[in-house]
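In: Sequence first, predicted coordinates after that:
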Protein chains: 2
Amino acid sequence: MSVQKPSIPQGTRDFGPAVVARRTYIFGVIRRVFEKFGYAPLETPTLENLSVLTGKYGEEGDQLLFKVLNSGNFLKKQKGDVIKEQVTADDLLAGAKAVLPKIAEKGLRYDLTVPFARYVVMNRGTLVFPFKRYQIQPVWRADRPQRGRYREFYQCDADVVGTDSLLCEAEIVLMMSEVLTSLGLTDHTIKINHRRVLGAFYQALGGEGTEVDLFTAIDKLDKIGREGVGKELAERGFSAEATEKLFDLLGVAGSFDEKLDRLLAAFVTAGVEPDGADGYQGLQDLRRVLEYLRGFGFEKWDNLEFDVTLARGLSYYTGCIFEIKINNVNMGSVSGGGRYDNLTGAFGLPGVSGVGFSFGVDRLYDCLEELSLFPEAVAATTRCLIANFDAESETAVLPVLRRLRAAGVATELYPESTKLAKQFKYADGKGIPYLLLQGSEERAAGQFKLKTLATGQEQTLTLDEVLTELAG
Amino acid sequence: MSVQKPSIPQGTRDFGPAVVARRTYIFGVIRRVFEKFGYAPLETPTLENLSVLTGKYGEEGDQLLFKVLNSGNFLKKQKGDVIKEQVTADDLLAGAKAVLPKIAEKGLRYDLTVPFARYVVMNRGTLVFPFKRYQIQPVWRADRPQRGRYREFYQCDADVVGTDSLLCEAEIVLMMSEVLTSLGLTDHTIKINHRRVLGAFYQALGGEGTEVDLFTAIDKLDKIGREGVGKELAERGFSAEATEKLFDLLGVAGSFDEKLDRLLAAFVTAGVEPDGADGYQGLQDLRRVLEYLRGFGFEKWDNLEFDVTLARGLSYYTGCIFEIKINNVNMGSVSGGGRYDNLTGAFGLPGVSGVGFSFGVDRLYDCLEELSLFPEAVAATTRCLIANFDAESETAVLPVLRRLRAAGVATELYPESTKLAKQFKYADGKGIPYLLLQGSEERAAGQFKLKTLATGQEQTLTLDEVLTELAG
């Protein structure tokens, strides 16, 4: 083995003890809320068959899938054929596309939604519907790494499938609110909209251009402003009149209730048709969600906004859509989701309605860090370090060490009899708050010195007193 | 998207809610013990550079690494060269070995030890030594899947590097003992041996054959018996006399202390030399571990065995070695580990001594299941389902639902007003223990019916009484 300078792949990260502790704290808050609302944990494999993943994330997504080489001699794998009948020089010249299916059958999980849909279909015979699951696992994307964008990162999803009850949407608002409040992220806005409301906008404009172009333009409103959106719409074949009508609709103001009323009036005026994927149904759904929230006694109305400009990635959403913005941090949305009607269709189980949402843990982490919201207790690992003076003292403190641990106090004995300064440095570097010392003098008196490292305060205590102090 | 029958790759698994809950329970027990002993969590990326992984696990290990294709057009990747100058038809005919380095630079984590060594070397400037870390993450091996052997499975490792104090070995015994006891696996044997004791055996035999052959043969003792080992040793050039001497040594009996004394005498008789990698040091180390354990007040001596036939995969172990066997289940070892002197050497940091061990979660799971040791509470997710009679009752129970959740009781309202039988079936299928009902009659009286599903028992209670019953 030659000596090498080790490194990790671009876009991946090591998480040291302090960071893991903080991430575990975030996961814990999310998990508790999910479980309190009846969502149960699911874990799917990191490796999925490429046949399951490919074609589910659009062409760009297919490019971003990490593909895993067939094991063994990957060039020889298939049914004993000789090499040149599998991957030929012509294949090679044709490029990766021709070669890929022959050498890679598996890929890394790209999100948690497709594996969830696959799981539901594979287990439809035994699952109890509505099926409520949450899933907290890493995903991988071969994206160009940049600040805040990683190739390996965690998602925290909660979805319920098998019911179209809008109770689920209302509970998603409650869950979002509780997670953010529990984390101390009180200055947030939960944005809600409905896919059919956007569809009604398209109708109201008179059917110019395409729906997708309209939504894509709306989605950019907070980035490129009215002028930019107007320009883009013009390029896409929307008339100036239609664009003006759009801005009227997008400009609807007032409380949640008022916006619902005003849009309803506007739809009637604009002649939006009351059938098919109609906007009236969208407004009705939103009103029902609102009623559920009132029934729950929801109080954080300032944090909930019916945002008609919210469009999101609209590939599979068909009903309510959600997004969360933390207002006092300059950061994209930390959560999003929505209702879909045909997630499992690609795997042969059509017509299963569901709704779900996802937290981005890396962004939540950055928000908590920027706002100094991590509780201090989260960082602490070992609570007490027992100093190691010499062989005799080492032997004498072993039962003490045992007793502290038995009381649930994370405790270490420095493993070597060495300079006290070195042991202090160890405690300091590891963020251990207490140092317990028993020199020969204290030992003779059956006592201990307990030093609080942050303040330098020293107390002389009996073991029982030490236990009370540390286990409290 | 064409409809397809979905599947998951061979050797991988989906973990549904009940299984995740049980696995989480095992991880939780292990994590708590690790942390109580001052081990701090580390997480490393799933993707590692192949340059880090290759050559660390032997030739067989290299074969079993999952390799990830370079992203983008993997055939065109390197420095803009044209395809045929990179992967040529000749390469292709030469097979996977010639092509691989050109199309795959990354692989999946194969164990937690090499990434740990890499992390220590990359962060040596900022880490505080001795560095105690634990790591609970999945690993991947392209092994042929079979019963109990998966291609994706979790390891739970704890290691300390930067000290050769035998306190660490003693604490490993304590941690092993506490984890097993906490899980209820009381009928276990923690086996301990020392690499240098085995080295002394080799010396005592007179230097015939090779050390590796000797250890390999000893390792098979419980599989192929004395006769098999004797035959194998004869084939490897060991004389009958040497083999007999070996069985005398391996047959050493008595308590831990007695074995130490008897081996010491045997080494002297056999003329084992007191220098280099000598067996006397091995015996001394084991005696010191024993003293530490006595100092701790360790009591489970029946569960600790100095097993001179324990050899383990000896590639990098240099000191004490460990293994755990659950005696009342037919299963291989559930944990193993040992001391190593040069784990970080391959990455340019020689001479860092460390010791660590690992739990196999899949095997622990199977043991707990076979012995019915999972606590019942582990399986439960949602504690209470509120029945949904009609729109009116639904609205009426929303504040109740909120209050139960606020009290920390995981509660669901069935999301649709439907037949009660269907709602019962839902609760039953999900293992929800309580059903809460409020028909119009109960509503008028301000009361609830709480049904315990396992017994069918029904109580009529006020909301406060329900809360006391469920939150208790």
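Out: Okay, I see it.

In: Was I right to think residue A:437 contacts residue A:443?
Out: No - taking CB atoms under 8 Å as the definition, residue A:437 is not a contact partner of residue A:443, at 10.3 Å. For every residue, glycine as well, the C-beta is placed using N, CA and C.

In: Between those two, tell me which one has more neighbours.
Out: In this view residue A:437 and residue A:443 are compared by other CB atoms under 10 Å in any protein chain shown, and residue A:437 has more residues nearby, 20 against 15.

In: ok, now which ones touch the more buried one?
Out: For residue A:437, the set of contacting residues under the criterion of CB atoms under 8 Å, 6 or more residues apart in numbering or on different chains consists of A:386, A:387, A:389, A:448, A:449, A:450, A:451.

In: Which members of these are the farthest-apart pair?
Out: Farthest pair in the contacts of residue A:437 (CB to CB) is A:389 and A:450. Separation: 15.5 Å.

In: tell me the contacts of residue A:447?
Out: Counted by CB under 8 Å, 6+ apart, residue A:447 has contacts A:438, A:460, A:461, A:462.

In: after the lowest-mean-pLDDT helix or strand in chain A comes which helix or strand?
Out: One helix or strand of chain A scores below all others by mean pLDDT, DSSP states H and E: helix A:89-94, with a mean of 64. Along the chain past helix A:89-94, the next helix or strand (assigned with DSSP states H and E) turns out to be helix A:96-103.

In: Show me how far that next one is from its chain's centre.
Out: Taking CA atoms, centre = their mean, to the nearest Å, one finds helix A:96-103 lying 32 Å from the centre of the chain it belongs to.

In: filter the contacts of residue A:447 to the buried ones?
Out: A:438, A:461 (16 or more other CB atoms under 10 Å in any protein chain shown).

In: Now distance to chain B and secondary structure too, for the contacts of residue A:447, in TSV please.
Out: As requested, those are arranged in TSV below (distance: CB to the nearest CB, whole Å; DSSP: H, G, I helix; E, B strand; the rest coil):
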residue	distance to chain B	secondary structure
A:438	14	coil
A:460	24	strand
A:461	21	strand
A:462	19	coil
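
In: Can I take it that residue A:252 is in a strand?
Out: No - counting by DSSP: H, G, I helix; E, B strand; the rest coil, residue A:252 falls outside a strand, being coil.

In: Count the neighbours of it for me.
Out: Applying other CB under 10 Å, we find 17 residues neighbouring residue A:252.

In: Near chain B, which residues of the stretch 201-350 of chain A are found?
Out: Contact residues of the stretch 201-350 of chain A with respect to chain B, defined by CB under 8 Å from any CB of the partner chain, are listed as A:291, A:292, A:295, A:296, A:297, A:345, A:346, A:347, A:348.

In: which ones are touching residue A:231?
Out: Remark: with contacts taken as CB under 8 Å, 6+ apart, residue A:231 is in contact with nothing.

In: where are the low-confidence patches of chain A?
Out: Scanning chain A for pLDDT under 70 picks out the ranges A:1-4, A:72-96, A:275-277, A:314, A:380.

In: Outline the domain layout of it.
Out: Under the assignment named as automatic domain parsing, the residue ranges that make up the domains of chain A are A:17-46+A:109-370, A:380-471.
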